[in-house]
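Q: Fold the following.
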Amino acid sequence: MAAGGFCKLPDGMVVVALNLPSPTAEAGVGVRVLVLAQNRARALTRLRNLGLRAVYLRGNAAPPTPDEITAVLHHPDGLIWRTAPDNGVVATVPELWRPIRSLLRRPAAQA
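A: Numbering: from 1, shown residues only. Presented below is the predicted three-dimensional model:
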């Protein structure tokens with residue numbers, strides 16, 4: 001998979017950050033997913049249980065920033081995402097973090 005990383009917190013919990021391809025297949029845009037869990041394996045299991053089967057963490061090339069850690073710690077689910085450009089350009093106004101349910105929600109079928 002794409003770049004990702006992790007950070008172990010003083011209480012033993014782990015924050016895993018992953019850059020994944022966009023589910024809408026927009027060129028040049030991906031998503032940044034943050035997961036709070038007991039360890040890296042459990043973080044990846046949480047994502048796989050949601051249907052993201054091909055998610056792997058190899059290395060620590062893009063660990064979560066302090067702002068990202070704060071965001072996931074303050075979210076009740078401990079699992080959030082937002083869009084992230086793949087070209088490395090940082091947006092002047094960052095997008096708000098969203099719960100993972102909004103990423104995985106299927107559009108309503110049209111009758």
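
Q: so where do the strands sit in the protein?
A: Remark: strands assigned in the chain by DSSP state E are 4-8, 14-21, 29-37, 79-85, 98-99.

Q: can you pull the buried residues of the longest one?
A: When you say that, I think you mean strand 29-37. 30-37 (16 or more other Cβ atoms under 10 Å). Placement of C-beta: from N, CA and C, glycine included.

Q: Output the helix or strand bottoming out on mean pLDDT in the chain as PDB, nothing but the C-alphas.
A: When each helix and strand of the chain is scored by mean pLDDT, DSSP states H and E, helix 100-104 comes last, with a mean of 79. Below are the C-alpha coordinates for helix 100-104, written out as PDB (Å, rounded to 0.1, in the frame of the first residue of the first chain):
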ATOM      1  CA  ILE A 100     -14.700   6.500   9.000                       C
ATOM      2  CA  ARG A 101     -18.400   5.800   8.500                       C
ATOM      3  CA  SER A 102     -18.700   8.700   6.100                       C
ATOM      4  CA  LEU A 103     -15.900   7.200   3.900                       C
ATOM      5  CA  LEU A 104     -17.400   3.800   3.800                       C
END
